[in-house]
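In: Build the 3D model from these lines:
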Amino acid sequence: MDLYTINYIKRNPIIYNYLRENPSWYKQLNRNGNNLKTLEKLAKKHYKLTVEDKIERLSQKINLISNFIDVLK
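Out: Below is the predicted model of the structure:
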């Protein structure tokens with residue numbers, strides 16, 4: 001692995017933890033360091049940190065507050 005890839009992994013705890021859980025990615029990164037962005041997308045999807053997941057959590061919170069207000073009426 002090149003130094004850029006190693007430093008990028010060390011600076012991003014999400015990617016670092018995902019790599020620890022899925023060590024097969026080490027082989028892919030050793031062969032081609034350009035797969036780093038793909039790895040980052042998969043890690044965010046795995047830990048539910050994508051924009052869609054954040055919007056869904058927000059809508060669930062709004063729905064919960066709305067239901068709570070309806071109960072108080």
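
In: C-alpha only now, for contacts and for neighbours.
Out: Will do.

In: hey, which helix is longest across this protein?
Out: Identified as the longest helix of the chain according to DSSP state H is helix 51-72.

In: what sits up against that helix?
Out: Lys48 (Cα atoms under 8 Å, 6 or more residues apart in numbering).

In: cool, and stretch 16-31?
Out: Outside stretch 16-31, the residues that touch it by Cα under 8 Å, 6+ apart are Met1, Ile9, Lys10, Asn35, Leu36, Leu39, Ala43.

In: Report the secondary structure state of the fourth one.
Out: Spelled out, it's Asn35. Put simply, Asn35 is helix when judged by DSSP: H, G, I helix; E, B strand; the rest coil.

In: where's the spatially closest residue to it that is not a sequence neighbour relative to Tyr4, distance?
Out: Counting by Cα to Cα, 6 or more residues apart in numbering, Leu29 is the residue found nearest to Asn35 once chain neighbours are left out, at 6.3 Å. Counting by Cα to Cα, to the nearest Å, the gap from Leu29 to Tyr4 is 11 Å.

In: For the two, work out which one has more neighbours and name it.
Out: Leu29 (17 against 10; other Cα atoms under 10 Å).

In: quick one: the more buried one and Leu72, what's the gap?
Out: Distance, Leu29 to Leu72, by Cα to Cα: 55 Å.

In: Arg31 too?
Out: Arg31 is 59 Å from Leu72, by Cα to Cα.

In: In terms of neighbours, single out the busier of these two.
Out: For Arg31 and Leu72, the more surrounded residue by other Cα under 10 Å is Arg31, and the numbers stand at 11 against 6.

In: what about the more buried one, distance to Tyr4?
Out: 14 Å.

In: Same question for Asn12.
Out: From Asn12 to Tyr4 the distance is 12 Å (Cα to Cα).

In: same deal with Glu56?
Out: Taking Cα to Cα, one finds Glu56 at 34 Å from Tyr4.

In: now do Val51
Out: Counting by Cα to Cα - Val51 and Tyr4 are separated by 26 Å.

In: do the same with Leu39
Out: With Cα to Cα as the criterion, Leu39 and Tyr4 are 15 Å apart.

In: same check, this time on Asp70
Out: From Asp70 to Tyr4 the distance is 53 Å (Cα to Cα).
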